[in-house]
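**Student:** return atomic coordinates for the entry below.
(one chain, ligands or ions: 1)
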Amino acid sequence: MILVTGASGYVGNNLVRRLVELGKPVRAMVGNLDKALVRLGDVEPKIEIVKGDVTRPETLVEWMQGVEAVIHLVAISMEKGKRTYEAINTQGTINVVDAAKAAGVRRFINMCQNGASANSPYRFLRSKGVAQEYVAQSGLDWTATRPTVIWGPQDEFANVQARLIKLTPIAFPIVGDGKAQFQPVYVGDVVEVLVSCVDDPSTIGHEYELGGPEVLTYEEIVDRVLKALHTSRIKVHVPVGLLRPLVAIMQAVFPNPPVTTSLLDLLAVPNVVAENALVTRFNITPKPFTPDNLSYMRDFSLTTTLGKFFGRSLEEEKVRRAAMHKH
Ligand SMILES: NC(=O)c1ccc[n+]([C@@H]2O[C@H](COP(=O)([O-])OP(=O)(O)OC[C@H]3O[C@@H](n4cnc5c(N)ncnc54)[C@H](OP(=O)(O)O)[C@@H]3O)[C@@H](O)[C@H]2O)c1
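**Tutor:** Residues are numbered from 1 along each chain as shown. Here you go, the predicted model:
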């Protein structure tokens, strides 16, 4: 049995579906059961869906029984109230590691992050870095993956640009000089690496940086999204210092803000990898971030975009309806 934490998340639901395809028994641990039923409804009869909160160790113990490997994906990139980086990304990981050890589980695959370090000046990257240090010192048979930003139909990175473009019909604001560097990696490629790690003992004790096939500036990413949408905009460069107060207001007003001040900070750190293990270690040809591969963005409607930023996304609405129907 493979226990996947954060199983209904973006990477999680793609990973669970791939594990099922490969005939692996999966226990999908989620925070919100209703959301999980929407995201994983199609494979639900073939997996075990369980509820666990990484901040409450007592909810984890039971789900470690009979588990051969844990793939730990839970983390947050946007904080909300008590859901802080330290509580979920760091202490949450410590709790999952401790629960695995207590139950005698040996294999542990941790989803870290490119640039994460216990010494990072950025709280998000530091929270993931401290967590990875704990994993590496746990005595478990661990492997860690460190992807750059992950793109795909459900991502919160390129799709945010596409939605913002739909909201800004003439001019589109480019953050800073637009030269911040990224190396977007496709979700399916990251999933393939996680899956191969499970059965490959030679990956034990290693951290793998994973990136896409090319380094792109933020402005080049926007250009590709514009091409994918078959549209154009006048690009206006807005200094980060000017955007910060606007983003802070947006953060206070929108239930699901497209960007937060702490994510804005991260633009200062190039999100590229020195050695791309996706290619050098796992022999995967990374899927490129091209307008053709982004064509799914053309289906985003203005209504779902507004719903996503100002209130509930379509998916959340489905979750709400499913919950109402049930109760
Ligand atoms: N997306 C990227 O670009 C990217 C890049 C590099 C690394 N990563 C790493 O990849 C992993 C997965 O990212 P993702 O993009 O798939 O994130 P995601 O879609 O936000 O999924 C994370 C999941 O964690 C669950 N969760 C949050 N708090 C929880 C808690 N207290 N207890 C139990 N579950 C909790 C959430 O489930 P509920 O909603 O059910 O609570 C959510 O579905 C993370 O470790 C992230 O740091 C992501």
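
**Student:** so which residues on the stretch 101-250 of the chain come close to the ligand?
**Tutor:** Within the stretch 101-250 of the chain, the positions lying close to the ligand (C-beta under 6 Å from any ligand atom) are 111, 113, 147, 149, 150, 157. Where C-beta positions appear, they are placed from N, C-alpha and C, glycine not excepted.

**Student:** just among those residues, which is most surrounded?
**Tutor:** Counting neighbours by other C-beta atoms under 10 Å, residue 147 leads these with 28 neighbours.

**Student:** can you give me the helices in the chain?
**Tutor:** Counting by DSSP state H, residue ranges of the helices within the chain are 10-21, 33-40, 85, 92-102, 123-136, 158-167, 187-198, 218-228, 240-253, 261-265, 277-280, 302-310, 314-326.

**Student:** output the fifth one as CSV, nothing but the C-alphas.
**Tutor:** This file holds the C-alpha atoms of helix 123-136, laid out as CSV (Å, rounded to 0.1, in the frame of the first residue of the first chain):
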residue,chain,number,x,y,z
ARG,A,123,9.8,32.0,4.9
PHE,A,124,8.1,29.7,2.4
LEU,A,125,11.4,28.3,1.0
ARG,A,126,12.7,28.0,4.6
SER,A,127,9.7,26.1,5.8
LYS,A,128,10.2,23.5,3.0
GLY,A,129,14.0,23.5,3.6
VAL,A,130,13.7,22.8,7.3
ALA,A,131,11.2,20.0,6.6
GLN,A,132,13.6,18.4,4.1
GLU,A,133,16.4,18.5,6.7
TYR,A,134,14.2,16.6,9.1
VAL,A,135,13.4,14.0,6.5
ALA,A,136,17.1,13.6,5.6
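
**Student:** who touches it?
**Tutor:** 75, 77, 85-86, 89-90, 92-94, 97, 108, 110, 112-113, 115-120, 142, 144, 207, 262-263, 266, 269 (C-beta atoms under 8 Å, 6 or more residues apart in numbering).

**Student:** repeat the analysis, applying 6 Å as the threshold.
**Tutor:** Applying C-beta atoms under 6 Å, 6 or more residues apart in numbering, the external contacts of helix 123-136 come out as 85-86, 89-90, 93-94, 97, 110, 112-113, 115-118, 120, 142, 144, 262.

**Student:** rewinding a little: winner for burial among the helices of the chain?
**Tutor:** Greatest average neighbour count among those goes to helix 85 (a mean of 24), per mean count of other C-beta atoms under 10 Å.

**Student:** that one and the ligand in contact?
**Tutor:** No. Applying C-beta under 6 Å from any ligand atom, one finds helix 85 separated from the ligand by no less than 10.0 Å.

**Student:** out of the residues of the stretch 101-250 of the chain next to the ligand, which comes closest to residue 2?
**Tutor:** Within those, the smallest distance to residue 2 is 13.8 Å, found for residue 111 (C-beta to C-beta).

**Student:** once you drop chain neighbours, what's closest to that closest one?
**Tutor:** Distances taken as C-beta to C-beta, 6 or more residues apart in numbering put residue 73 closest to residue 111, at 4.8 Å, once the chain neighbours are dropped.

**Student:** so the one you found is in contact with residue 12, correct?
**Tutor:** Yes. Counting by C-beta atoms under 6 Å, residue 12 is a contact partner of residue 73 at 5.0 Å.

**Student:** got a pLDDT number for the residue nearest to residue 111?
**Tutor:** Per-residue confidence (pLDDT) for residue 73: 98.

**Student:** roughly how far does it sit from residue 104?
**Tutor:** Taken as C-beta to C-beta, to the nearest Å, the spacing of residue 73 relative to residue 104 amounts to 22 Å.

**Student:** do the same with residue 61
**Tutor:** Using C-beta to C-beta, we find residue 61 at a distance of 12 Å from residue 104.

**Student:** alright, calling it a day.
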